[in-house]
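Asker: Here's a sequence, model it:
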Amino acid sequence: MDFKQLGLIEPILKALSNQGYTAPTPIQQQAIPLVLQQRDLLGCAQTGTGKTAAFAIPILQLLYQQKQHVPGIKVLILTPTRELAIQINESFEAYGQFTNISHTVIFGGVSQLHQTVALKKGVDVLIATPGRLLDLISQGFISLKHLQIFVLDEADRMLDMGFIHDVKKVIVRLPEKRQTLFFSATMPEEIQKLANVLLTNPAKVEVTPVSSTVDTIDQHLFYVAKPDKNKLLLHLLRQQPGNNVLVFTRTKHGADKVVKLLHKENVTAAAIHGNKSQNARQNALNNFKNGSIRVLVATDIAARGIDIDELGHVINFELPEVPETYVHRIGRTGRAGNSGVAYSFCDADEKTELRDIQKLIGKTIPVISEHPFPLAPDALPQPKPAAKPHQRPHHHGKRFNRSGKPAKRNA
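Answerer: Residues are numbered from 1 along each chain as shown. Next up, the predicted model:
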């Protein structure tokens, strides 16, 4: 199937051709016709499946085909992180370059001046993070009374990051008559309840089980002591000298420590996490994309916000505490049909996290034992002993009552 078969208009087909897109992904094949029919949509899809284009392309077409242009925000896309908001805005720029549909992005952590100037000029599509959106609504810069389409993206991530109450505050400000598109990689109970409130007779699109990892990603596990992780990281980087690498740590402090180590070894690197200013984060991301730096070290704030088609390697320097996060992390590679490699380091204290990850993805990650810094054999996870067949205990003639204590014999 190609994009023409989805009934797309020439301005969008031309833009897709300019981007080098020829065939839609499975979620795009399913979602685009449904959105064009103006159906509510519940999309369950993991990262890297082409989800942004699945809603951006039909939204642009619906707006382009409107006969009467009504001023005001017609589409609101709510997303959890600044990086993801910027990425979505870039997608609207790419797919809508021949449509004259106006769009802008707003997020916190920076001055609101440029954002309010853009809003005053008028926009058709607004991409926003919850906090800054509510702030600018309260200041009177944003009205949603003309809204036609609402997109809630990465709903489960909103829950993970504590934004669910802000999301609910936004929802009460939406017009009742609207089209709603709801996307989530996982469907915990609270997210399912939210979907039930937001959606009216939705069509459901589900691609790639949320607990699975993309087949094109080659996954490997290294057992390594915590003090040796730095050495193993440098060893792997030297083995693959030409590849760009995204490294995930659990904490902001940990990310900064890894960058300091890499700089000491003359490896170009930058960190991206919540303590960095928006400009610093965006500069680091741009420098990574254009090859100015080789290694980007990130906390999980970036697990769903980095979109690089040809990212070769992801390294989990530390395993995440939430197993679903592993799927999102390694999903930064193997995107857009490309292959990718994911390495994970596991020390003696991370056995529980590893067990939970392997249970979630339904497979055992292959172990690479031939490396210079192996974990001591006694620290390796031990296989559980086979359960012995149940036998009734021998009591050597004694009788026991229900509590397990010897029963008193009658005299």
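
Asker: Name the SS class of residue 68, please.
Answerer: In three-state terms, and counting by DSSP: H, G, I helix; E, B strand; the rest coil, residue 68 is coil.

Asker: same thing with residue 181?
Answerer: Under the three-state scheme (three-state DSSP), the conformation of residue 181 reads as strand.

Asker: likewise residue 296?
Answerer: Following three-state DSSP, we place residue 296 in the strand state.

Asker: On the C-terminal side of the helix or strand hosting residue 91, identify the next helix or strand.
Answerer: Following DSSP states H and E, the helix or strand that holds residue 91 is helix 82-95. Toward the C-terminal end, the helix or strand that comes next after helix 82-95 (DSSP H and E) is strand 103-106.

Asker: in that following strand, what's buried?
Answerer: Counting neighbours by 16 or more other CB atoms under 10 Å, one finds that the buried residues in strand 103-106 are 103-106. C-betas here are computed from N, CA, C, even on glycine.

Asker: Which neighbouring elements make contact with that strand?
Answerer: Taking 3 or more CB pairs under 8 Å, 6 or more residues apart in numbering; DSSP states H and E as contact, the helices and strands that strand 103-106 lies on are helix 82-95, helix 113-121, strand 125-128, helix 130-138.

Asker: now these as TSV including distance to residue 272, mean pLDDT and mean neighbour count?
Answerer: Listed next are the helices and strands packed on strand 103-106 as TSV, based on distance: least, CB to CB, whole Å; pLDDT from 0 to 100; neighbours: other CB atoms under 10 Å:
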stretch	distance to residue 272	mean pLDDT	mean neighbour count
helix 82-95	8	91	21
helix 113-121	21	95	13
strand 125-128	19	98	26
helix 130-138	19	96	17
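
Asker: Of all these, which one is nearest residue 70?
Answerer: Nearest to residue 70 among these is strand 125-128 (13.6 Å), distances taken as CB to CB.

Asker: Just the C-alphas of that closest one, formatted as CSV.
Answerer: These are the backbone C-alpha positions of strand 125-128, laid out as CSV (Å, rounded to 0.1, in the frame of the first residue of the first chain):
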residue,chain,number,x,y,z
VAL,A,125,-3.0,23.9,15.4
LEU,A,126,-1.6,24.3,18.9
ILE,A,127,0.8,21.8,20.3
ALA,A,128,1.3,22.2,24.1
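
Asker: quick one: low-confidence parts of the stretch 101-250 of the chain?
Answerer: Screening the stretch 101-250 of the chain residue by residue with the criterion pLDDT under 70, one finds the ranges 208-215, 242.

Asker: Tell me which stretches of it form strands.
Answerer: Counting by DSSP state E, counting those that start in this stretch, one finds strands in the stretch 101-250 of the chain at the ranges 103-106, 125-128, 149-152, 179-184, 203-207, 217-223, 245-248.

Asker: So which of those strands is nearest residue 358?
Answerer: strand 217-223 (9.1 Å).

Asker: what separates that closest one from the chain centre, distance-wise?
Answerer: For strand 217-223, the separation from the chain centroid amounts to 20 Å (computed by CA atoms, centre = their mean, to the nearest Å).

Asker: quick one, what contacts residue 7?
Answerer: Under the criterion of CB atoms under 8 Å, 6 or more residues apart in numbering, the neighbours of residue 7 are 33, 36.

Asker: what's the distance between it and residue 352?
Answerer: In this structure, residue 7 and residue 352 are 49 Å apart, going by CB to CB, to the nearest Å.

Asker: would TSV of the helices and strands packed on strand 103-106 with distance to residue 300 be doable?
Answerer: As requested, the helices and strands packed on strand 103-106 are exported to TSV (distance: least, CB to CB, whole Å):
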stretch	distance to residue 300
helix 82-95	12
helix 113-121	26
strand 125-128	21
helix 130-138	18
